[in-house]
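Undergrad: sharing a sequence plus its predicted fold:
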Amino acid sequence: MPRRRRPWLLTTAAVLLGLVAVLVTVVMTVPIGTTATALITLGVDGAQEVTLVLLVAGAGLALLAWRRRARVAVPAAGVCAALMLVMTAVPAVTLWRTASALGVHVSLGDYLWHGLSPGSGRPKDARTLVYARVDGVALELDYLPAHGAARAGAGHPAVVYVHGGGWKIGSREDGYPWGRWFTDRGYAVFTIDYRLLPHADWQTGPGDVKAAVGFVRDNAARFGIDPSDITLFGESAGGHLALMAAYTQGDPLFPPTNPHADTSVRTVINFYGTTDFDDALAHSTAPGLIRDATRAYIGGTREQQPARWYASSPLRHVRPGLPATLSVHGQDDRLIPPSQAHLLDEALARAGVPHRSVTLPWASHLFDLTRGNPATQIAGGVIERFERQNAR
């Protein structure tokens, strides 16, 4: 009678899948203080898409191993399925409860339909325009027209989107997913490029953002928008630049790249941006990464450039009369700690500035990278309510 071959391939796959599940569980639940771990969280921590895929894979492999009577493979794949069931269900339930507490509707259908999608490419109606020229270099933005009729006697509200990327990478194309979301709600959207390191410094970033806002305001009639109803929206480094541009209106230390009479905005939305360099360095899980990024941005360390370090923190510019501010941050953000949003919230409260701060559980840096997930849906609902409450 021929000897029955043992299912080595099935067993190896199950063991490896079980180890991956353990690693994902550790990353999502244990705040390990290393830069590598912080970077891994960008794709894993709070990403229910990852745990859901591993859950299906583990359950399917466990069933196949049971049918093939692979004694080692069954428990290994079962461990994967069990861990991923917990790591899928617990964040989902917590986020659904958060949505309920905030009065925001979260759609399971939207999650299943869009949850694994990072958003499509360039909108068909997008138009690229030059908003400034510096040393012969054209700074461009993409104009996404609003959908629907403008408000009677005014014009469409507008959003100027500022991408992230640590002040050294990224492009205006990063704003397309949120751009579509806003245009579907009647906003005209302008996703902008700005000068990046090493061809920029601590003044040029805010200056470029101000120049983009000034360009939009000066051409309001051309775009059919209300110049008094502009929102600055930035993510990560873009959130920092949006706050700086909004909070330093008229400050001679941060002039717009091109002269504009008015670069003011009605509201500013900050997604997981740096608000205070001291706190970011003290509480980030990846302090080395933050230290290198801030040193490149201001042109030196805190000890070498104390004036620049101080002036480049939005928190230092809080005063009465600033635009209404919304901050949205992931509770599990290992790069930019959620304390950044809390500190800004407290400072704005003391200054009497209209504001709101929302911290999302089981959400990490770049939590809105995929469309339709619960955290992104909650963030969208919070934005809608914030904009209504601070309407012109």
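TA: Everything's here; your move.
Undergrad: got any ranges where the stretch 1-150 of the chain has weak pLDDT?
TA: 1-6, 31-47, 114-120 (pLDDT under 70).
Undergrad: try it again at 80.
TA: 1-9, 26-49, 71, 108-120, 149-150 (pLDDT under 80).
Undergrad: now the strands: where do they sit in it?
TA: Per DSSP state E, counting those that start in this stretch, the stretch 1-150 of the chain has strands spanning 127-134, 137-144. These are given in chain order.
Undergrad: need those strands in TSV (columns: distance to residue 341 and mean neighbour count).
TA: C-beta here means a position set from N, CA and C on the backbone, and glycine is covered the same way. Output for the strands of the stretch 1-150 of the chain, formatted as TSV (distance: least, Cβ to Cβ, whole Å; neighbours: other Cβ atoms under 10 Å):
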stretch	distance to residue 341	mean neighbour count
strand 127-134	29	16
strand 137-144	27	19
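Undergrad: reformat those strands as TSV; add distance to residue 163.
TA: As requested, these are arranged in TSV below (distance: least, Cβ to Cβ, whole Å):
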stretch	distance to residue 163
strand 127-134	15
strand 137-144	11
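Undergrad: tell me how far residue 73 lies from residue 212.
TA: Distance, residue 73 to residue 212, by Cβ to Cβ, to the nearest Å: 56 Å.
Undergrad: when those two are compared, which one has more neighbours?
TA: With neighbours defined as other Cβ atoms under 10 Å, residue 73 and residue 212 compare such that residue 212 has more, 31 against 26.
Undergrad: top strand in this protein by residue count?
TA: strand 225-235 (DSSP state E).
Undergrad: can you list the domains in the chain?
TA: Listed by automatic domain parsing, the domain ranges of the chain are 8-102, 127-389.
Undergrad: deepest-packed of those, please.
TA: Most buried of the domains of the chain, by mean neighbour count (mean count of other Cβ atoms under 10 Å): domain 127-389, with a mean of 20.
Undergrad: on that earlier part again, closest to residue 113 out of the domains of the chain?
TA: domain 127-389 (6.4 Å; Cβ to Cβ).
Undergrad: distance between the ends of the closest one?
TA: The first and final residues of domain 127-389 sit 31 Å from each other (Cα to Cα, to the nearest Å).
Undergrad: likewise stretch 220-239?
TA: In stretch 220-239, first residue to last residue: 24 Å (Cα to Cα).
Undergrad: give the contact list for residue 15.
TA: Residue 15 makes contact with 72, 73, 76 under the criterion Cβ atoms under 8 Å, 6 or more residues apart in numbering.
Undergrad: okay, these in CSV with distance to residue 144 next?
TA: Output for these, formatted as CSV (distance: Cβ to Cβ, whole Å):
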residue, distance to residue 144
72, 54
73, 50
76, 49
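Undergrad: I'd like to know which of those residues is nearest to residue 329.
TA: Closest to residue 329, out of all of those and judged by Cβ to Cβ, is residue 76, at 36.9 Å.
Undergrad: surely that closest one meets residue 22?
TA: No. Counting by Cβ atoms under 8 Å, residue 22 is not a contact partner of residue 76; they are 10.4 Å apart.
Undergrad: name the nearest residue to residue 330, sequence neighbours excluded.
TA: residue 363 (3.3 Å; Cβ to Cβ, 6 or more residues apart in numbering).
Undergrad: quick check: the one you found is in a helix.
TA: No. Read with DSSP: H, G, I helix; E, B strand; the rest coil, residue 363 is coil and lies in no helix.
Undergrad: how far away is the spatially closest residue to residue 96 that is not a sequence neighbour from residue 382?
TA: Using Cβ to Cβ, 6+ apart and skipping residues adjacent in sequence, the residue nearest residue 96 is residue 106, 6.1 Å away. As judged by Cβ to Cβ, residue 106 and residue 382 stand 12 Å apart.
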